[in-house]
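**Student:** Pasting a predicted model and its sequence here:
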Amino acid sequence: MMDGEKLTNRFKKEIMAAKALAKKKENQFLGPTHLLFSMINDENPAFLDILKYTECKTKALKKSLSAKLDRLPKIKAFETEIFPSAELLRILEECEKIRREKGDHFIPTETFLLALSR
C-alpha cells in the first residue's frame, strides 16, 4: 500500500493542484489525466525536461489532456468530495513499487511518468 508521506512535497503539491482542477471541472474522481495536466501546467523543470527528452509535443499533449478532461462526467453539486480513481490508485501503487525497487526514500513527480508507462 502506498504511503503518502513518501511523496515529495512537490508531488503532494501537484496532487492538490490536480484535486483543485477536478473540483473546478466538477469531476467526482481525480484521475491521472488531472494529475498529468497539472504537472505540465506547473512547469516543473525536471518533469518538462523528461517530456522534452522523449520528444513529447507538450502543447499537443496539453490540448489532448484538456479535451479529455472536458469529456469526463460532471457532478453538479454544491460540495462534491473528490475521490481518487481506481486508475490513479493503481498508478500511485506503481510509483511506490518503483520507489522500493530503486531504494529511494521518496517518490518524485518524475516517477509518475515512469509508472504511467508500465
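**Tutor:** Nice, thanks for sending it over. Just so we're clear, the structure is a prediction, and the values are computed from it rather than from any experiment.
**Student:** use CA for all of it now, contacts and neighbours both
**Tutor:** Will do.
**Student:** okay, and the helix or strand of the chain with the least pLDDT?
**Tutor:** helix 45-53 (a mean of 86; mean pLDDT, DSSP states H and E).
**Student:** what's the next secondary structure element after that one?
**Tutor:** As assigned by DSSP states H and E, the chain's next helix or strand after helix 45-53 is helix 58-71.
**Student:** How far off centre is that following helix?
**Tutor:** 14 Å (Cα atoms, centre = their mean, to the nearest Å).
**Student:** Repeat that for stretch 72-91.
**Tutor:** On Cα atoms, centre = their mean, the centre of stretch 72-91 falls 13 Å from the chain's centre.
**Student:** which stretches of the chain form strands?
**Tutor:** 29-30, 83-84 (DSSP state E).
**Student:** packing partners for the first one?
**Tutor:** In other words, strand 29-30. helix 9-24, strand 83-84 (3 or more Cα pairs under 8 Å, 6 or more residues apart in numbering; DSSP states H and E).
**Student:** Please identify the most buried of those.
**Tutor:** When the helices and strands packed on strand 29-30 are scored by mean count of other Cα atoms under 10 Å, the highest mean neighbour count falls to helix 9-24 (a mean of 18).
**Student:** Distance of residue 117 relative to residue 21?
**Tutor:** As judged by Cα to Cα, to the nearest Å, residue 117 and residue 21 stand 23 Å apart.
**Student:** still on that earlier bit, Throw the strands of the chain into a markdown table and include distance to residue 70, thanks.
**Tutor:** Converted to a markdown table, the strands of the chain look like this (distance: least, Cα to Cα, whole Å):
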| stretch | distance to residue 70 |
| --- | --- |
| strand 29-30 | 13 |
| strand 83-84 | 18 |
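**Student:** got these as JSON lines, with distance to residue 15 and mean pLDDT columns?
**Tutor:** Converted to JSON lines, these look like this (distance: least, Cα to Cα, whole Å; pLDDT from 0 to 100):
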{"stretch": "strand 29-30", "distance to residue 15": "9", "mean pLDDT": "96"}
{"stretch": "strand 83-84", "distance to residue 15": "10", "mean pLDDT": "95"}
